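Engineer: sequence and predicted structure below; questions after.
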Amino acid sequence: MTTLTGAGPLLRLALRRDRLLLPVWVLFPAVIPVVFVAAFTTAFPSPEALREYAETSVHNTAFTVTYGALHGSSLGELIAWRAGFLPVMIGLFTLLTVLRHTRSEEEAGLRELIGATVVSRHANLIAALLLTSAASLAIGLLSALAMISQGLGAAGSLAYGLGLAGAGCVFAAIGAVTAQLTTGAGAARGIGIVILGGAFLLRGVGDVSASAGGGLGWLSWLSPVGWPGQLRAFSGERWWVLALFALAVLALTALALALSQRRDLGSGLFAPRTGPAGAATGLRSPFALAWRLHRGALAGRAAGFAVVGFGLGAIAEAIGELMNNSTPAARAVLARIGGPGPVIDQYQAGLMTMLGVVAAGLAIHTALRARAEERSGRADPLLAGPVHRLRWAAGHLVFALLGPLLWLALFGAALGLAHGLNTGEPGHELPRSLTAALVQLPAVWLFAALAFALFGCLPRLAGGAFAVLLASLLMGWLGGELKLSQWVLDLSVFEHIPRLPGGAVSAAPLLVLTALAAALGLLGLLGLRRRDLALG
């Protein structure tokens, strides 16, 4: 038996399981440059306008942290720069995909069943890496072809695409390493996301320092998120940077295989902490158990929303000055995204829409914790006792609804406070930003309830709620940039949310979205009551 024995059939199984989600993730990055080309061509129709935009953006700290360093003012350079957030998204996708096909399978006991057949010890890990590497290469190739189709140079387009592919492959290998460290998939995901966040932070600090002439520019070279920018697509490509991706993938894959060889099946290199012999009195109800399972994630996300909100509020004045000095076409693009009102209000309204998308994704993940408990088998002994399955599931649904309320409130309050301290009117700005954040709740609840309804009625398709969220984002955000018909924009759930601060408020769409969320939550409970557990 060789190391690759059984990897082929397992790869085909993984492709079958991801046949719906994988195409979405592969095609989404290829759409981004097409949209950006259309948006930039509309907003900045001449080289002089592009140069003016680049000159006002290159020293903006917020832009540099988000997108990376800007090295020129050509259309290709600006497109590659504005897509600087894609390596983070692709890295998150490949990281989570590897963990889903390795540590999650092992935690659920499926790896043990597969291991009883004629497969090598590392076949599952190799199959997951092959799947994510192939998906990353497809993302890179399609993205390069998309840019070439818009009239951009072939060399720069290829460098851009290879940078995205390299980032995906590196974080897939990082996921393979973190899968060996813990016994739980949740802990492995947490470690991987912390590494991804650290890489983003290193890239941001390094690029900001380099733009300001500081001495910390070398930090960008420590971040795989920063390597696509170091390729310098459309700015005199540095092809040798591709060697960094290759060396990192080879080293991390070898480390993952070595760690896998040293540990027992079902265990991790970090031994789990031994729990108390008896359960605490606070764990005597399904709701208390749900609180115990969700409290860490709820607290961590709440802190993150508050910190990010305060930071974005602190730069609101600088963003307003930047956009006031931009071309009328650029301000028109911001108005389409952010709605009516002053530039700062448009900036905040655009932030609140993206906030709603992020909160909805996290709410979906929270709602699907019940599905993870079911698949792992932990729900079976619990429900074998005097615990009704609806009470058990409702506990997870409650936190999927209350969690976003807390996150949105903290974000809005922190943003309004920081912006108010800059303007000298915190009492005026805080309630405006808080209201603008909380008005996103009906849309967020709708996606959480959709995930719960799929869990109750069609558990194998529960993850499809993420695809619906992504489609809604594309219809609203990209449709607005491309000036698509209103009926296309109306397909986005977030299109029906008032654009605050600055816009008008209508209670009718908010009530309709809330009613739909309540109906979907009820549907999920009824479906769970009728079906068997542990399907798929």
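Structural biologist: In hand now; what should we look at?
Engineer: which residue comes closest to Leu257 once chain neighbours are left out?
Structural biologist: His122 (5.6 Å; C-beta to C-beta, 6 or more residues apart in numbering). C-beta here means a position set from N, CA and C on the backbone, and glycine is covered the same way.
Engineer: roughly how far does the one you found sit from Arg460?
Structural biologist: From His122 over to Arg460 the distance is 27 Å, taken as C-beta to C-beta, to the nearest Å.
Engineer: more neighbours, these two?
Structural biologist: Comparing His122 with Arg460 by other C-beta atoms under 10 Å, the one with more neighbours is His122, at 20 against 12.
Engineer: so that one makes contact with Ser260?
Structural biologist: Yes: judged on C-beta atoms under 8 Å, His122 makes contact with Ser260 at a distance of 5.9 Å.
Engineer: contacting residues around the spatially most central residue of the chain?
Structural biologist: Computing the C-alpha centroid of the chain and ranking residues by C-alpha atoms, centre = their mean puts Met89 first, at 5.6 Å. Met89 makes contact with Pro29, according to C-beta atoms under 8 Å, 6 or more residues apart in numbering.
Engineer: export the helix or strand hosting it to CSV, keeping only CA atoms.
Structural biologist: Assigned by DSSP states H and E, Met89 belongs to helix 86-101. Output of helix 86-101 as CSV, limited to C-alpha atoms (Å, rounded to 0.1, in the frame of the first residue of the first chain):
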residue,chain,number,x,y,z
LEU,A,86,-9.7,38.3,-2.4
PRO,A,87,-6.7,36.3,-1.2
VAL,A,88,-8.2,36.5,2.3
MET,A,89,-11.6,35.2,1.1
ILE,A,90,-10.0,32.4,-1.0
GLY,A,91,-7.7,31.5,1.8
LEU,A,92,-10.6,31.2,4.2
PHE,A,93,-12.5,29.0,1.6
THR,A,94,-9.6,26.6,1.1
LEU,A,95,-8.7,26.5,4.8
LEU,A,96,-12.3,25.6,5.8
THR,A,97,-12.7,23.1,3.0
VAL,A,98,-9.6,21.1,4.0
LEU,A,99,-10.7,21.0,7.6
ARG,A,100,-14.2,19.9,6.6
HIS,A,101,-12.8,17.0,4.6
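Engineer: I'd like the average pLDDT over that helix.
Structural biologist: Averaging pLDDT along helix 86-101 gives 89.
Engineer: one more: stretch 156-163?
Structural biologist: In this model, stretch 156-163 has an average pLDDT of 94.
Engineer: measure how far that stretch is from the centre of its chain, please.
Structural biologist: 22 Å (C-alpha atoms, centre = their mean, to the nearest Å).
Engineer: same deal with stretch 129-146?
Structural biologist: 18 Å.
Engineer: and it, what's buried?
Structural biologist: 129-144, 146 (16 or more other C-beta atoms under 10 Å).
Engineer: could you dump it to PDB, C-alpha only?
Structural biologist: Only the C-alpha atoms of stretch 129-146 are listed here, as PDB (Å, rounded to 0.1, in the frame of the first residue of the first chain):
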ATOM      1  CA  LEU A 129      -5.400  19.000  -0.600                       C
ATOM      2  CA  LEU A 130      -5.800  18.000  -4.200                       C
ATOM      3  CA  LEU A 131      -9.400  19.200  -4.200                       C
ATOM      4  CA  THR A 132      -8.600  22.600  -2.800                       C
ATOM      5  CA  SER A 133      -5.400  23.100  -4.900                       C
ATOM      6  CA  ALA A 134      -7.300  22.300  -8.100                       C
ATOM      7  CA  ALA A 135     -10.100  24.700  -7.100                       C
ATOM      8  CA  SER A 136      -7.400  27.400  -6.300                       C
ATOM      9  CA  LEU A 137      -5.800  26.900  -9.700                       C
ATOM     10  CA  ALA A 138      -9.200  27.100 -11.400                       C
ATOM     11  CA  ILE A 139      -9.900  30.300  -9.600                       C
ATOM     12  CA  GLY A 140      -6.600  31.800 -10.700                       C
ATOM     13  CA  LEU A 141      -7.100  30.600 -14.400                       C
ATOM     14  CA  LEU A 142     -10.600  31.900 -14.700                       C
ATOM     15  CA  SER A 143      -9.700  35.200 -13.000                       C
ATOM     16  CA  ALA A 144      -6.800  35.700 -15.400                       C
ATOM     17  CA  LEU A 145      -9.000  34.900 -18.400                       C
ATOM     18  CA  ALA A 146     -11.700  37.300 -17.100                       C
END
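Engineer: which strands or helices does the helix or strand hosting Tyr53 pack on?
Structural biologist: Using DSSP H and E, Tyr53 sits within helix 47-57. Here helix 47-57 touches helix 21-43, helix 75-82, going by 3 or more C-beta pairs under 8 Å, 6 or more residues apart in numbering; DSSP states H and E.
Engineer: looking at these, which is nearest to Thr178?
Structural biologist: The closest of the helices and strands packed on helix 47-57 to Thr178 is helix 21-43. By C-beta to C-beta, the value is 19.6 Å.
Engineer: and the angle for that closest one with helix 86-101?
Structural biologist: Orientation check (axes from the mean of the first three to the mean of the last three C-alpha atoms, to 10 degrees): helix 21-43 against helix 86-101 gives 170 degrees.
Engineer: what distance do you get for the residue nearest to the centre of the chain to Leu231?
Structural biologist: 18 Å.
Engineer: list the contacts of the nearest residue to Gly175 once chain neighbours are set aside.
Structural biologist: Once flanking residues are discounted, Gly175 sits nearest to Val98: 3.5 Å by C-beta to C-beta, 6+ apart. The contact partners of Val98, by C-beta under 8 Å, 6+ apart, come to 128-129, 132, 172, 175-176, 179.
Engineer: and those residues as CSV, adding distance to Pro286 and secondary structure?
Structural biologist: Converted to CSV, those look like this (distance: C-beta to C-beta, whole Å; DSSP: H, G, I helix; E, B strand; the rest coil):
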residue, distance to Pro286, secondary structure
Ala128, 34, helix
Leu129, 38, helix
Thr132, 36, helix
Ala172, 37, helix
Gly175, 32, helix
Ala176, 35, helix
Ala179, 30, coil
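Engineer: quick revisit: the helix holding Met89: what's the following helix or strand?
Structural biologist: Going down the chain from helix 86-101, the next helix or strand is helix 103-107, by DSSP H and E.
Engineer: show me what that following helix is packed up against.
Structural biologist: helix 110-115, helix 185-211.
Engineer: ranking these by burial, who's on top?
Structural biologist: Comparing the helices and strands packed on helix 103-107 by mean neighbour count (mean count of other C-beta atoms under 10 Å), helix 185-211 ranks first with a mean of 20.
Engineer: next structured bit after it?
Structural biologist: Moving toward the C-terminus from helix 185-211, the next helix or strand (DSSP H and E) is helix 227-230.
Engineer: using CSV, list the CA coordinates for that following helix.
Structural biologist: Provided in CSV are the C-alpha atoms of helix 227-230 (Å, rounded to 0.1, in the frame of the first residue of the first chain):
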residue,chain,number,x,y,z
TRP,A,227,2.5,37.7,-1.6
PRO,A,228,0.0,38.2,-4.4
GLY,A,229,0.6,41.9,-4.1
GLN,A,230,4.4,41.3,-4.2
